[in-house]
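Trainee: no sequence on this one, just coordinates:
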């Protein structure tokens, strides 16, 4: 009884605070817009009307490549009196639209990594 | 029955231990999920294509041009930062707030680069290995 009277306040005092932070860069890449892009038929103008202006335009092997990206960062902090643990996790969604010389979509490469992004506090391990 | 000096000694010891551990910060920053050689073991130069790689690993972070075709780059970052402020030990007795800080940052930058020809067939793949190391170590010397 005496121990718990001491231990409980000590626990509350040492586990003093925690923090959740989040940051994003760029707009969400809408899956319906990506699925509306058809290889060998969608034009450059249609891509622009569906997704807006790309974040980057690359020249790869004689082809124009439109790159769209979005970054999502989640940070969790466990703020104790004696030690603070923090972990920041950043992941990105990327979309590449490869256009041929005629301005027709040749390939679409996309991935959505941010779906699996979680708030984490423990900095050790993977 | 403990004496007053004994209690003071224990109190000091506990506070010293507490203070010694105080103002410690352990921070980790990761960008994307690191890939291991096992994750890319399926890539066979000369037969695997870039769409095969993308189907398994997702879209790369960058596509760049090269003389022989395309280079797809998957980037990862792993930063380990640890900091100890030993000055915190003296803040209750000192008229000023002294700092004696040891800190160290391990910046791990890694990337998988997949070199493809103009037909998008993989020709080479390799890791850039600048790893941050496995441990948090604030000792800078």
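Mentor: Nice, I can see it. Just so you know, these numbers come straight off a predicted model, no measurement behind them.
Trainee: Could you list the residues of chain A in contact with chain B?
Mentor: A:58-61, A:65, A:67, A:81-92, A:94-96, A:107, A:109-111, A:113, A:123-124 (C-beta under 8 Å from any C-beta of the partner chain). Quick note: C-beta positions are derived from backbone N, CA and C, even for glycine.
Trainee: Quick one, which of these are buried?
Mentor: Neighbour counting over the residues of chain A next to chain B (16 or more other C-beta atoms under 10 Å in any protein chain shown) leaves A:58, A:60-61, A:65, A:67, A:84-92, A:94-96, A:107, A:109-111, A:113, A:123 as the buried ones.
Trainee: so where is the chain shaky, pLDDT-wise?
Mentor: Picked chain A for this. A:1-4, A:7-16 (pLDDT under 70).
Trainee: Sorry, I should have been clearer: chain B.
Mentor: In chain B (pLDDT under 70), the answer is B:1-22, B:132-134.
Trainee: and with 50 instead?
Mentor: B:1, B:4-5, B:8, B:11-13, B:15-21 (pLDDT under 50).
Trainee: so which residue of it comes closest to chain A?
Mentor: The nearest approach of chain B to chain A comes at residue B:58, 3.2 Å away (C-beta to the nearest C-beta).
Trainee: Tell me who's in contact with the nearest residue to that residue once chain neighbours are set aside.
Mentor: In space, and not counting its chain neighbours, residue B:58 is closest to residue A:111: 3.2 Å by C-beta to C-beta, 6 or more residues apart in numbering or on different chains. By C-beta atoms under 8 Å, 6 or more residues apart in numbering or on different chains, the residues touching residue A:111 are A:93, A:94, B:54, B:58, B:59.
Trainee: now with 10 Å?
Mentor: Counting by C-beta atoms under 10 Å, 6 or more residues apart in numbering or on different chains, residue A:111 touches A:29, A:91-96, B:54, B:57-61.
Trainee: residue ranges for the strands of the chain, please.
Mentor: Answering for chain A, as no chain was given. A:17-25, A:56-60, A:63-79, A:83-99, A:105-112 (DSSP state E).
Trainee: To clarify, I was referring to chain B.
Mentor: Under DSSP E, chain B gives strands at B:24-31, B:62-66, B:69-85, B:101-117, B:122-130.
Trainee: Any idea which of these gets closest to residue A:5?
Mentor: Among the strands of chain B, strand B:24-31 comes nearest to residue A:5, with 27.9 Å by C-beta to C-beta.
Trainee: for the closest one, the distance to its chain's centre please.
Mentor: In this view, strand B:24-31 has its centroid 7 Å away from the chain centroid, taken as C-alpha atoms, centre = their mean, to the nearest Å.
Trainee: try stretch A:41-51
Mentor: For stretch A:41-51, the distance to the chain centre is 24 Å (C-alpha atoms, centre = their mean).
Trainee: before we move on, what about stretch B:26-44?
Mentor: Per C-alpha atoms, centre = their mean, the centroid offset for stretch B:26-44 relative to its chain is 12 Å.
Trainee: Show me the beta-bridge partners of residue 83.
Mentor: Let's take chain A. Beta-bridge partners for residue A:83, by DSSP bridges, are residue B:24.
Trainee: my bad, the chain I had in mind was chain B
Mentor: When assigned by DSSP bridges, residue B:83 has beta-bridge partners residue B:25, residue B:103.
Trainee: surely it meets residue B:26?
Mentor: Yes: counting by C-beta atoms under 10 Å, residue B:83 touches residue B:26, with 8.0 Å between them.
Trainee: Looking at the two, which is more packed in?
Mentor: residue B:26 (20 against 17; other C-beta atoms under 10 Å in any protein chain shown).
Trainee: Surely the more buried one and residue B:106 touch.
Mentor: No: here residue B:26 lies out of contact with residue B:106, judged by C-beta under 10 Å, at a distance of 11.8 Å.
Trainee: what sits against residue A:88?
Mentor: A:21, A:23, A:73-77, A:120, A:123, B:27-31, B:79.
Trainee: And residue A:35, by the same measure?
Mentor: A:108, A:110.
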